[in-house]
Structures are given as structure tokens and as C-alpha cells.
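> Provided below are the primary sequence and the corresponding predicted coordinates.
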Amino acid sequence: MDRLTRLRILADVAREIPKNFAMMVPPLRNWRLRSPRPTRRFAEVTEEELRQYALSGLEMLLEHYPREKLKDATAVEIGPGDNVVQAMALLALGVAKYHAVDRFLGDVCSENARRLYRRVAEELPGRYSIPGDFVPDPESFPASLEGKKVTLWRKGVEDFESLPLTGEADLVFSHQVGGHVASAPAFVRASFAWLKPGGTAVHRIHFGPVVCWDRYENPLTFMTVNGVLWSLANSHRGISNRVRFDEYCEGFKRAGFRLTTRVLEKYKSEHAEEIRPYLKGPLRQAARQSLQVALADFICVKPV
């Protein structure tokens, strides 16, 4: 890795640190959470936005969790973000109760979110052969169902023991969230604790860079940042926690799950080899195959 790249890394860290500290200030944090992320502002929801922000997560679930098991089930979603569009889809498919757990939960009743709800409400009946009256009214969703079928917990998964969800869920799921939680062990333990015996956790985890770190020629460059600097720049922002594929596999198994995985995307082996001399601590021990995983599904079954 050349000197210019190392200088660029330091410059990016310097730019990110003030943003991280801003998220520690309650008024600024609350303002940021009320504002839709720039990539999720919907003027008119396109087919690509529909797929990316609604259908891809739902299709992931239905691929690994039989649709018939959704009837009368209790589902917990970790990290829905700016909207709870998965709640609308799952309730239409028969789920009895939906819980959202997210310390960065945005304004899920905003007009921005409602545009997505309207588009999904139009799509669900034809795509999944659902009677139209099974779909929640997008104009009043989710407020009309809060305290009945929908519960929003504005807490991080790290606080899982404080939530009244232990042993309550048939399904726990997340879509590209596990790579960004503040505590991967808590993410794993929460999944296990909240499930009933025989329940299933389905997590799609993205192991790659976000924000400024995805603009490097080697997409794994963000792994080379000094651990202290990485924390200063990202600890309060939900940016990558840099936990690798093998660590999650070991964590789910250690928690007691029966685990099945499917790797969906991988980085080139030369990318992993280029960064290895610059890795420190536990990251240096990561296997090349683990470093290469970019996107993977984890299907975790809690024994009866």
C-alpha cells in the first residue's frame, strides 16, 4: 500500500471524527435521526428503490423461512432504519406481532417513509397473492397499529436484556445490519435470547465498507485503519464494526444455534493479501477466506 493511500486514509479519518463526535450530542443526534438518509429520499419510488429498500429483505426472509410459518408468528427485526416497511409486508403475510429494535430508528411515519409504504402496498397483493384488505393502510401505518401489532423499541441490540422479548419470537431477522452493530456478541446473544425454542434467526450481513471507505480501489482498505482511530471516527455512527465472517460463524455456534450459511459475494483474494501486512490485533489472525466474504446469509435455528 503506497504512501499516498496511507495519507488519504488519515485524511478520511480526520474528516469522519467530527461527524462521530456530533452524534454524541443529543440535539444533533436527534436531528440526524429525524432526517432521511440521503440515499433514501424518495420522490417517486422506482423499481430499483422498491427492490433495494423493500423487496430484497423480504425475499431473503422467504427464501430461508417458509411463508406458512409466518401465520400468527411474532417477528423481531433488528435495525430497520428509516422505515418499517418489512412490518407492512410481514403483517400482510400473516404475522401477528412485529417488533423493531434500532437505536438509530428514524421517523418511520415521515412522508418519505410513507411513499415507500404506498408503493409496497400496491405491490404486495399481486406479487404474493394477498387479498388487498390484508395489507395495512399505508396512510396510517404504522401509527394505527402501534401497541397492537407493531412495537417500536428505540434501543440498541446491546440493550437486549432490558427488552421484554426473551423467548417471545418465532423469527428474528436483519438485513445488512450485523456488520454495523456496536456489539457483535450482543447481536448474537439477542438473537438467541429472543427466540422461542425451535425459532429461527435470519441475518444477511454485509462485510464491506460504507461512506467514504467504499471509494478505494481495494474495498478492504478500511480494515487497515488503526483500531483507536477507527473507534474515534465511527463508534457512534453505525459504521462497519469490522467483525469478519468467521467471527460471526463462531459466535452463532457458541451461542447454541444450529447454523447454516450462504456466501453471496466475495472480494478478490489479492485484495485480502494486499491488506494483510497492515492488519493489527485479532484482524491479523483472520483467514484469507474470511476476509474475502463481502455478503452472506446466516440461518440460525435455536434447538428445541
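Everything's here; your move.

> show me the contacts for the closest residue in space to Thr74 that isn't next to it in sequence.
Leaving aside its chain neighbours, Thr74 sits nearest to Lys97 (4.5 Å; criterion: C-beta to C-beta, 6 or more residues apart in numbering). In short, each C-beta sits where N, CA and C put it, glycine included. When contacts are counted by C-beta atoms under 8 Å, 6 or more residues apart in numbering, Lys97 touches 74-75, 149-151.

> which of those are buried? Put it as a PyMOL command.
This is the PyMOL syntax for the buried subset of the contacts of Lys97, where burial follows 16 or more other C-beta atoms under 10 Å:
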select buried, resi 74+75+149+150+151
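
> can you add secondary structure, pLDDT and distance to Val157 and give the contacts of Lys97 back as CSV?
Shown next, in CSV, are the contacts of Lys97 (DSSP: H, G, I helix; E, B strand; the rest coil; pLDDT from 0 to 100; distance: C-beta to C-beta, whole Å):
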residue, secondary structure, pLDDT, distance to Val157
Thr74, strand, 98, 17
Ala75, strand, 98, 15
Lys149, coil, 98, 22
Val150, strand, 98, 18
Thr151, strand, 98, 15
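
> where do the helices sit along the stretch 101-250 of the chain?
111-128, 184-194, 227-234, 245-255 (DSSP state H, counting those that start in this stretch).

> among these, which is nearest Leu165?
Closest approach to Leu165 among the helices of the stretch 101-250 of the chain (C-beta to C-beta): helix 184-194, 4.5 Å.

> mind exporting the C-alpha coordinates of that closest one to PDB?
In PDB, the C-alpha atoms belonging to helix 184-194 read as follows (Å, rounded to 0.1, in the frame of the first residue of the first chain):
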ATOM      1  CA  ALA A 184     -21.500  -8.300  17.500                       C
ATOM      2  CA  PRO A 185     -21.600 -10.600  20.600                       C
ATOM      3  CA  ALA A 186     -24.800  -8.800  21.800                       C
ATOM      4  CA  PHE A 187     -26.300  -9.100  18.300                       C
ATOM      5  CA  VAL A 188     -25.800 -12.900  18.500                       C
ATOM      6  CA  ARG A 189     -26.900 -13.300  22.100                       C
ATOM      7  CA  ALA A 190     -30.100 -11.200  21.500                       C
ATOM      8  CA  SER A 191     -31.000 -13.300  18.500                       C
ATOM      9  CA  PHE A 192     -30.800 -16.400  20.700                       C
ATOM     10  CA  ALA A 193     -32.400 -14.900  23.800                       C
ATOM     11  CA  TRP A 194     -35.400 -13.500  22.000                       C
END
